[in-house]
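A.B. asks: sequence and predicted structure, then a few things I'm wondering about:
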4 protein chains.
Amino acid sequence: MQLGMIGLGRMGGNIVRRLMQRGHACVVWDRSAEAVAALAAEGATAAASPEDLVAKLAAPRAVWVMLPAGGPTEDTVRLLGELLSPQDVIIDGGNTFWRDDVRRAAALRPKGVHYVDVGVSGGVWGLERGYCMMIGGDAAVVRRLDPIFAALAPGRGDIPATPGRDGRDPRVEQGYLHAGPSGAGHFVKMVHNGVEYGLMQAYAEGFDILRSADSPVRPENERFSFDLADVAEVWRRGSVITSWLLDLTASALAQDPRLDAFSGYVDDSGEGRWTIQAAIEQATPAEVLTAALYARFRSRQEHTFAEKVLSAMRKGFGGHVERPGGPSAADLAAASMEGRT
Amino acid sequence: MQLGMIGLGRMGGNIVRRLMQRGHACVVWDRSAEAVAALAAEGATAAASPEDLVAKLAAPRAVWVMLPAGGPTEDTVRLLGELLSPQDVIIDGGNTFWRDDVRRAAALRPKGVHYVDVGVSGGVWGLERGYCMMIGGDAAVVRRLDPIFAALAPGRGDIPATPGRDGRDPRVEQGYLHAGPSGAGHFVKMVHNGVEYGLMQAYAEGFDILRSADSPVRPENERFSFDLADVAEVWRRGSVITSWLLDLTASALAQDPRLDAFSGYVDDSGEGRWTIQAAIEQATPAEVLTAALYARFRSRQEHTFAEKVLSAMRKGFGGHVERPGGPSAADLAAASMEGRT
Amino acid sequence: MQLGMIGLGRMGGNIVRRLMQRGHACVVWDRSAEAVAALAAEGATAAASPEDLVAKLAAPRAVWVMLPAGGPTEDTVRLLGELLSPQDVIIDGGNTFWRDDVRRAAALRPKGVHYVDVGVSGGVWGLERGYCMMIGGDAAVVRRLDPIFAALAPGRGDIPATPGRDGRDPRVEQGYLHAGPSGAGHFVKMVHNGVEYGLMQAYAEGFDILRSADSPVRPENERFSFDLADVAEVWRRGSVITSWLLDLTASALAQDPRLDAFSGYVDDSGEGRWTIQAAIEQATPAEVLTAALYARFRSRQEHTFAEKVLSAMRKGFGGHVERPGGPSAADLAAASMEGRT
Amino acid sequence: MQLGMIGLGRMGGNIVRRLMQRGHACVVWDRSAEAVAALAAEGATAAASPEDLVAKLAAPRAVWVMLPAGGPTEDTVRLLGELLSPQDVIIDGGNTFWRDDVRRAAALRPKGVHYVDVGVSGGVWGLERGYCMMIGGDAAVVRRLDPIFAALAPGRGDIPATPGRDGRDPRVEQGYLHAGPSGAGHFVKMVHNGVEYGLMQAYAEGFDILRSADSPVRPENERFSFDLADVAEVWRRGSVITSWLLDLTASALAQDPRLDAFSGYVDDSGEGRWTIQAAIEQATPAEVLTAALYARFRSRQEHTFAEKVLSAMRKGFGGHVERPGGPSAADLAAASMEGRT
């Protein structure tokens, strides 16, 4: 079927490519004329503007918006709401906050324009592996778009079936889920990313503990110098903690065992924050997901003001003057104890 | 080659079976005569006692101890230290604290008896999938035992090779790692389990947030009733958070979507605690792994004393009397706000 | 000066009492006629309705709203916005979310009605000790209300002056702070409560560790049975951790050393949640304040769904069946180790 | 009565001074001859060596050791165990790990030498305010030393009595507690410090949230520039979170509102680590105390290896290249949203 795509960055471009590879027709627009030309050269129909894109689609239209969350997506959805006709569908495939989906769907409903939110996972690997999609919107509209979703999804592949799923929605095993009404897709994707942060931090802390296991506070025969690339690799092989994130870590460590190429500054893209916000609204404890988020916040500061407050108090009650760079008092005490035994 | 096995529980028994399937000879003993008889019926040589087991092995002997960590393993290792001869090897495949390995290896060294610690992951699936092993001890001794480890390991299978590993130790890709000197095997396995706790908690919190997403503090159009079995399934398909633990979760949810069969009481087996202890000794922050451990501690109490202290303070400064079972003040305020908009 | 008070619960009633004790005139209304009559008997002027209250105040009027946050306060502020005249002031002394203050102040501004938000700490002790107040709004309006704030504040009392404050705003040492524009008062009060949660949880965990220090996993001579009432008392006397919250805890423990009167269900009133929400918006890590909030969320559930997910995974990979009530595997291993030494 | 003091640093020296001010006789030794001479000039009896100190004390002797925990204290206690006679007492007033107390007391018991562990709080203020002491050891021996403890303790002062303490041990209200057998004193002091870390971190996070409340991700009318010195001061005045630590913070902020004099590197002295170790052994969840400890660990590193692992994974699945120094993707999205409304 035919799909319009606005936003031809890494994600949007590859989604168009995967659709065209599977026989779908795409009309594409991006504020970068080069991006449009590049995809036109691969077989897409170039549009000169959003208006042109809408004009080049046959009704009922489906326009996928794949732009940065926030202003760019918001503005584009609003514009499309004006350009489109009843029965047309706007698909927001970006990292949108789920409440924005709820609001937009309600705003578009009186006009008869449908709104479908799609959380997309798969990153830069999606073109090859397929995209895992979590979809919110009216069931009939999601059903109408099925050829698109089926083409983008990874399909069953050689992933073993889960026992006990007989009789359940077969789309899910293809890699796409109609999760519920508007907002439900991005809500599930948001929690997906929250979980992702937690998983990443769990591995990261484990490798950090291993890396510092040759701590001088321990006696010689209790210090270990692990080959982290080998540890990551062996964990891929029959352990309980195998995962794709571990595969990626093993690959990174094999190429750069000390990860010297990385600064340690870690960004976050919003979903982790919204996940915690949802947890707190619902009074659901989420210690691990929150700690993972805070580790990223902390990574982006040289020192927090909180740490200075601690130092100020320590000076106040104990006359302590902190010594950046030296071993801690506890390390000294421990090392001293070790030397004794 | 020939191996003695002491401890024929789920793990020990299946290790013997996998070894025999691959042509190795096993002499087995357990304090349960039935367990010994069962494996003898499958081809193992039965021993009547540890002494008998030692007598039935040809020198240099290798005896694998697969018993509960703590007293049972400790007593058996000590006994074997008395029964064995120079060049013989004791293999501790249990969940032993790594410092006990360091101590035992040092104690056995004067006698010429070798000690090898093996952290084994793979659980009840190991017989079929193979065991992921993390090994500590002298390199030459670990090399001598290679036929055993190679037989137990999962082998390369169809797991894709990690780019950049050319020239590295090929054993690792088979699923076993010589991690370092005595204690190194159990140290890596310990951290593996610490990471496991963190990963599990990350998924668990994510599903909890999804499950409570129909919270009555939200207006109707912001509540979602997710099918958690479907969510778990779709995440297995091309998402960033695919893993074996997720496969297991998807299977559990497919069979019991509300997990009513589970009480929510969650045990811990020691490695998670030791991981945190190591992190603290080394001054390595490990927020996520620790939070995951504490969630298990908390799950095993009806109420903590800490919570009663909170209630006592709240009564003290605010006259608050807690109302078990009712909505929280914050929920009421939120619901009240929502009703207004 | 003259003040109108709407809401004569514990807080509102005592604020009126303290003002009247210090010579101010109060016109009071509450939907409970009894509450109005009670304060009228103590010298307040009774109003029959909000309209009547406004009518009985001389312009420029000041009306303090002391109602539950959310709907009741919102509705009352809106009504007052209609009843009042330019230069009149609405004071919201409740636990309002600071963004609601920002919104309300902006909505009232075109009418010329001022809005002042006051975060009030001091709880049930305020009548006697005075109230600590954090105030947001236009400086001139806050200045106009100074007699009210000065009367409610605790005053310098015998609290030692802080060195280095010469030349600073003297109101602060009296116990009230003009923190900034609209919303600033409730923002500071919100963080105050967030900090309060963290402090409370720190003490609570400390007492919990002391209470369980006679754990059977330790050998006899490493177990302690502490008298928690005495511990709390001695910490009040020259230690680094003296505080009013500790005073309250010492009092509670002296009367009920095991705190058997408390269920352990712990409520939260909203500010703790908003504090974390603000932290996350600002990317400020707040591990301790968040953990304190989650401990309360957790206290209100018998078991979380997250815990059931953990149990389901453990059964999946290890065949573990959890045993509610029994000692943990780690406890058994530890106890076993101890018996050995 | 007469007391020997070994270790004349800030703590040991002031303890001697306070004892002499209250009429007790002190024999003092330190490896620094200058420190000995200084106290001798104030009235103490100088000793030339530990042996000389013992010789100058009348039996039954009491020798207080006030040295860094670990090796220095251990060596000195061992030496005193050789020099002293039955009925003599060694008092360890340092920051010793409680298990070392249990071990030492057991080792000294056959010789008839008593061992008393004293956790001392009060820091540099103790000379003036008195020391809060938590004491472990045999009841009769602690009773014998009562004149010493009574002189060091702050006494009742003007701290209000706790209701409900009638009939309880009156020493506690003087500021010293016989907490239990050997090790109990340092155990209570250890938890005191663990709680101290939690309290400090709670305040620190609160001030950090306030300091960053003018975050550019918020629209203009939702940004606040708080005077933190004033906030700290007003919280001292009738709020729920008054404390001595807050007094110190208010003082520090009054003198240096941005705390520019502090690097933010925060040391830890061991007790916080041991508190968590005890909590984990006992399976007592301690989220807040642990998070406070980890914040200090984190403060002493430029970047953790864990953070590099996160970056490596992000590059692996998303092609993300981190941009140190720039705003986060989430901040950009938020700012973008705000500009829109």
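C.D. replies: Cool, the structure landed.

A.B. asks: quick one: the residue nearest to residue A:328 when sequence neighbours are not counted and chain B, what's the gap?
C.D. replies: Counting by CB to CB, 6 or more residues apart in numbering or on different chains, residue A:328 lies nearest to residue D:267, which is 5.0 Å off, once chain neighbours are set aside. Placement of C-beta: from N, CA and C, glycine included. Going from residue D:267 to chain B by CB to the nearest CB, to the nearest Å gives 10 Å.

A.B. asks: now do the contacts for the closest residue to chain C within the stretch 1-150 of chain A.
C.D. replies: Each residue of the stretch 1-150 of chain A has a distance to chain C, by CB to the nearest CB, and the smallest belongs to residue A:97, at 12.4 Å. Residues in contact with residue A:97 (CB atoms under 8 Å, 6 or more residues apart in numbering or on different chains) are A:69, A:186, A:190, A:270, A:274.

A.B. asks: hmm, back to that, need the pLDDT of the residue nearest to residue A:328.
C.D. replies: You'll see residue D:267 listed with a pLDDT of 94.

A.B. asks: number of residues surrounding it?
C.D. replies: Neighbour count for residue D:267, taken as other CB atoms under 10 Å in any protein chain shown: 23.

A.B. asks: now do the strands in chain A.
C.D. replies: If DSSP state E is used as the criterion, the strands of chain A fall at A:2-6, A:25-29, A:45-46, A:62-65, A:89-92, A:114-121, A:132-136, A:176-180.

A.B. asks: make CSV out of those and add distance to residue D:160, mean pLDDT and mean neighbour count.
C.D. replies: Formatted as CSV, the entries for these read as follows, by distance: least, CB to CB, whole Å; pLDDT from 0 to 100; neighbours: other CB atoms under 10 Å in any protein chain shown:
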stretch, distance to residue D:160, mean pLDDT, mean neighbour count
strand A:2-6, 69, 98, 24
strand A:25-29, 74, 98, 24
strand A:45-46, 81, 98, 18
strand A:62-65, 65, 98, 24
strand A:89-92, 61, 98, 27
strand A:114-121, 58, 97, 27
strand A:132-136, 59, 98, 29
strand A:176-180, 58, 98, 28
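
A.B. asks: among these, which is nearest residue D:155?
C.D. replies: Comparison of the strands of chain A against residue D:155 by CB to CB identifies strand A:114-121 as nearest, at 64.9 Å.

A.B. asks: any low-confidence regions in chain A?
C.D. replies: In the prediction, chain A carries residues with pLDDT under 70 at positions A:323, A:325-327, A:334-341.

A.B. asks: how many neighbours does the nearest residue to residue A:255 once chain neighbours are set aside have?
C.D. replies: Nearest residue to residue A:255 in three dimensions, chain neighbours excluded: residue B:164, at 4.4 Å (CB to CB, 6+ apart). Residues within reach of residue B:164, counting by other CB under 10 Å, total 15.

A.B. asks: pretty sure residue B:164 contacts residue A:250?
C.D. replies: No - using CB atoms under 8 Å, residue B:164 and residue A:250 do not qualify as a contacting pair, with a distance of 9.1 Å.

A.B. asks: run through the residues that contact residue A:317.
C.D. replies: C:240, D:123-125, D:244-245, D:248.

A.B. asks: whoops, residue A:137 was the one
C.D. replies: A:105, A:114-117, A:178, A:181-182, A:185.

A.B. asks: if we use 6 Å, what do you get?
C.D. replies: Taking CB atoms under 6 Å, 6 or more residues apart in numbering or on different chains as the criterion, residue A:137 is in contact with A:116, A:182.

A.B. asks: now residue A:228
C.D. replies: For residue A:228, the contacting residues are A:207, A:253, A:257, by CB under 6 Å, 6+ apart.

A.B. asks: what count of nearby residues applies to the nearest residue to residue A:1 once chain neighbours are set aside?
C.D. replies: The shortest distance from residue A:1 to any residue that is not its chain neighbour, by CB to CB, 6+ apart, is 4.9 Å, and that residue is residue A:147. Counted with other CB under 10 Å, the neighbours of residue A:147 add up to 15.

A.B. asks: how about the one 5 residues further on?
C.D. replies: The criterion is other CB under 10 Å. On that basis, residue A:152 has 29 neighbouring residues.

A.B. asks: again, but for the one 10 residues further on
C.D. replies: When neighbours are counted by other CB under 10 Å, residue A:162 registers 22.
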